[in-house]
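Asks: next one to model:
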Amino acid sequence: MNDPGSKAARAGAEQCTPSSRRPASRPCGATRRAFLVGAVAGVSSLAVPSLGRAQFGVGDVVYVPTPQVVVNRMMTMAKVSAADFVIDLGSGDGRQLITAVSKFGAKGGRGFDLDEELLKLANANAKKEGVSDRVQFVRRNMFETDVSGASVITLYLLPELNLKLRPKLFAELRPGSRIVSHDYSMGDWQAEETVTMQVPEKQVGTPGISYVYLWIVPANASGTWQWKLPNGQTLDATVRQTFQNVDVRGTLVGAKPINVTLATLRGEDIRISALVEVGARTLRHDFVGRVRGDAIEGTVRVYDKTESSTPWSALRTGGRAASLEPQAPPR
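Replies: Model prediction:
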């Protein structure tokens, strides 16, 4: 869609060269004044040179739209479908949500911006495309916006604002919700998927190149757990978690530690492979389940002479789970 919230300050800003890319810090051309305006208003401001039709707007700031080919890729990476409600933070001319609903079948969406002219344009575009009954654009600061109803969030914000927004996304979004961002990352929260696109019509940031990032909000699986194994044994496990990365350690009651060979978490879906002592033998166990609050329900597949699959469950027993956001206090 649009550059969710991407705006530009006055002429005279530093000009970016095609080779410049600074997603981890202040991007080329982003002045302090531009960032402060965006941070206070709840939208980002990119200081860019005059680019004619590549940008438009009212007053001292101008709006830079995300190329439509990038919008389409963002929707595809987020796997937007009829089950999704999409929120666009900094909605510009509305193209992200209009595309999500009209081309990808999303059940609805809401966009937030502070520019009255862009809001009028976005709502007019939604009406023109026949989706105004499912898409609305509202004037509101993104940091004061409840995003808990979204299953997909779209962003085109400076990296500083992505980082500022990150704790809010962790706190409000449900596990499994997807976040897609044009050009800028989320700092040390590693994306699940990153795509580099050749986009000749793009004239800002890194001209001709767009970067698209996808994150999936992980369930909070950290803490101590008690598992039930198929043979009736009990296993005490400890899970340490940073974002979607999990480190699992487990010990059978009255026995030595198990050897965990794989542990992954994607949204609510957790998978753990381990070598477990069963009698005098060591057998591979594959645990696959969903984290729902303080419980995991799923199946365990045991590889002996033959392969068998039985239900698996686990309960969190070690008190409150630690926050996924390193800077935040434990919940």
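Asks: can you pull out the helices in the stretch 51-200 of the chain?
Replies: 68-77, 95-102, 116-128, 159-172 (DSSP state H, counting those that start in this stretch).
Asks: can I get those in CSV including distance to residue 249, mean neighbour count and mean pLDDT?
Replies: For glycine as for every other residue, the C-beta is placed from the backbone atoms N, C-alpha and C. Listed next are the helices of the stretch 51-200 of the chain as CSV, based on distance: least, Cβ to Cβ, whole Å; neighbours: other Cβ atoms under 10 Å; pLDDT from 0 to 100:
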stretch, distance to residue 249, mean neighbour count, mean pLDDT
helix 68-77, 33, 20, 98
helix 95-102, 41, 27, 98
helix 116-128, 50, 17, 97
helix 159-172, 24, 18, 93
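Asks: nearest to residue 201, out of these?
Replies: When these are compared by Cβ to Cβ, helix 68-77 sits nearest residue 201, at 8.3 Å.
Asks: for the closest one, C-alpha coordinates in CSV please.
Replies: Once non-C-alpha atoms are left out, helix 68-77 reads as follows in CSV (Å, rounded to 0.1, in the frame of the first residue of the first chain):
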residue,chain,number,x,y,z
GLN,A,68,2.0,-1.6,-5.7
VAL,A,69,4.3,-4.5,-6.5
VAL,A,70,5.7,-4.3,-3.0
VAL,A,71,2.3,-4.1,-1.5
ASN,A,72,1.3,-7.3,-3.3
ARG,A,73,4.4,-9.1,-2.1
MET,A,74,3.7,-8.0,1.5
MET,A,75,0.2,-9.5,1.3
THR,A,76,1.6,-12.7,-0.2
MET,A,77,4.3,-13.1,2.5
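Asks: orientation of that helix relative to helix 95-102 in degrees?
Replies: Put simply, helix 68-77 runs at 50 degrees to helix 95-102, going by axes from the mean of the first three to the mean of the last three Cα atoms, to 10 degrees.
Asks: returning to that earlier point: got the helices of the stretch 51-200 of the chain as a markdown table, with distance to residue 147 columns?
Replies: Formatted as a markdown table, these follow (distance: least, Cβ to Cβ, whole Å):
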| stretch | distance to residue 147 |
| --- | --- |
| helix 68-77 | 17 |
| helix 95-102 | 14 |
| helix 116-128 | 18 |
| helix 159-172 | 5 |
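Asks: looking at these, which is nearest to residue 219?
Replies: helix 159-172 (11.1 Å).
Asks: kindly export the closest one (C-alpha atoms) in CSV.
Replies: Output of helix 159-172 as CSV, limited to C-alpha atoms (Å, rounded to 0.1, in the frame of the first residue of the first chain):
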residue,chain,number,x,y,z
PRO,A,159,13.6,1.7,12.2
GLU,A,160,13.5,3.9,15.3
LEU,A,161,9.7,3.8,15.3
ASN,A,162,9.6,0.0,14.6
LEU,A,163,11.7,-0.5,17.7
LYS,A,164,9.5,1.9,19.7
LEU,A,165,6.4,0.1,18.5
ARG,A,166,7.7,-3.4,19.1
PRO,A,167,6.7,-3.7,22.8
LYS,A,168,3.2,-2.7,22.0
LEU,A,169,2.9,-5.3,19.2
PHE,A,170,4.2,-8.0,21.6
ALA,A,171,1.8,-6.9,24.3
GLU,A,172,-1.4,-6.6,22.2
